[in-house]
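**Q** Have a look at this prediction, sequence included:
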Amino acid sequence: MREPPVQPFDDPALKLALGRALGRPAAPAALRQRIASMAGEKTGRSITAEVEHKPIRMFRQSPLYKLAMAAVVLICVGVAAVIVYKSNQPPKYDQYAFPKQLYTDMVVTHNARASSATGDTVTALASAADLSKQLNRPVFVADLSKDGWAFAGGAVRSVGSRSAAQLFFTKGKSKISVFSLPREAVPDAPEGAHYDITWKDAAIAGFMGKGGLFCIVGTSEDKSLNVDEVKRLLAEHESEIRKS
């Protein structure tokens, strides 16, 4: 005997009652993630990534983010400006009280060479080290041509009662003498002592070391050469001491 066919389950009221009694089953997390990935493949981007990056994009577009970036740029510019400013400042050091007569003697010799080019025995800076042989002591052969100065000649001349090597440079309306004096000119000055001064309209800077007293004396007709520039030149070329 054939069994009667099973009737389809089409009673809406019964379905609703069973749903309330059993509750709705939640899909597993792995299945939900897979469905999200499949949806992302169709749109060409990940739904998860879209959700995760949306707050970041919104923050970057906000006025607060733009203000923060502007502040960072201003800080970087400020730090760079401070570094450039400090690098261009003349060096600071403890000064030694050199005799004022020494300054006067150097200015007199400098002005005399500025007035007349006679007596130069060195006409090329490359030969300036030969003055060390004449004096039998180190000579300050500062190559100021690197800073736009033109070498005009050099010789052994008297600075007061002492013999000194003098190298003479010009630049526009400015003139510079680089002097190499014996250490005995200031016997009590300690090794490494520095000085700078504006004396009788001349900018002067120098140091004691390496067997002598080495100085730069500068003047300018238009007062454009100041002691800070002379100090900078000294610091830049201080190591250029030549021995016989």
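**A** Great, that's in hand. Keep in mind it's a predicted model, so treat the numbers as computed, not measured.

**Q** rest of the way, CA atoms for contacts and neighbours
**A** OK.

**Q** Can you list the low-confidence ranges for the protein?
**A** Applying pLDDT under 70 to the chain flags residues 1-61, 65, 80-97, 244.

**Q** Tell me where it has strands.
**A** 139-140, 150-159, 162-171, 174-182, 194-199, 202-209, 212-220, 241-242 (DSSP state E).

**Q** quick one: residue 105 and residue 164, what's the gap?
**A** To residue 164, residue 105 is 11 Å away according to Cα to Cα, to the nearest Å.

**Q** In terms of packing, which of these two has more residues around it?
**A** residue 164 (26 against 15; other Cα atoms under 10 Å).

**Q** Looking at the strands of the chain, spot the one closest to residue 114.
**A** Nearest to residue 114, of all the strands of the chain, is strand 174-182, at 7.3 Å by Cα to Cα.

**Q** For that closest one, give me every contacting residue.
**A** The contact list for strand 174-182 (Cα atoms under 8 Å, 6 or more residues apart in numbering) reads 110, 114, 137-142, 162-170, 211-222, 224-225.

**Q** So among those residues, which ones count as buried?
**A** Buried members of the contacts of strand 174-182, scored by 16 or more other Cα atoms under 10 Å, are 110, 114, 137-142, 164-170, 211-220, 225.

**Q** neighbours around the residue lying closest to residue 215 once chain neighbours are set aside, how many?
**A** Distance criterion Cα to Cα, 6 or more residues apart in numbering; nearest residue to residue 215, sequence neighbours excluded, is residue 206 at 4.0 Å. For residue 206, the neighbour count with other Cα under 10 Å is 24.

**Q** now residue 206: how far from residue 116?
**A** From residue 206 over to residue 116 (counting by Cα to Cα), the distance is 24 Å.

**Q** One more: residue 227?
**A** Distance from residue 227 to residue 116, by Cα to Cα: 24 Å.

**Q** Same check on residue 220?
**A** Here residue 220 is placed at a distance of 16 Å from residue 116 (Cα to Cα).

**Q** And for stretch 198-216, what's in contact with it?
**A** 103-104, 107, 137-140, 176-186, 189-197, 217-219, 225-227, 230-231, 234, 241.

**Q** Tell me the buried residues within those residues.
**A** For these, buried by 16+ other Cα under 10 Å: 103-104, 107, 137-140, 176-183, 185-186, 189, 193-197, 217-219, 225-227, 230-231, 234, 241.

**Q** Can you give me the neighbour number for residue 69?
**A** Counted with other Cα under 10 Å, residues neighbouring residue 69 total 13.

**Q** I should have written residue 135 there, sorry.
**A** 17.

**Q** contacting residues around it?
**A** Shown in contact with residue 135 (Cα under 8 Å, 6+ apart): 156, 163-165.

**Q** one more time with 7 Å, if that's ok
**A** Residue 135 is in contact with no residue at all, counting by Cα atoms under 7 Å, 6 or more residues apart in numbering.

**Q** Look up how far residue 203 lies from it.
**A** Noted for residue 135: a distance of 26 Å to residue 203, by Cα to Cα.

**Q** Over to residue 113?
**A** Note on residue 113: its distance to residue 203, by Cα to Cα, is 16 Å.

**Q** Of the two, which one has the most company?
**A** Legend: neighbour count by other Cα under 10 Å for residue 113 and residue 203, higher for residue 203 (25 against 22).
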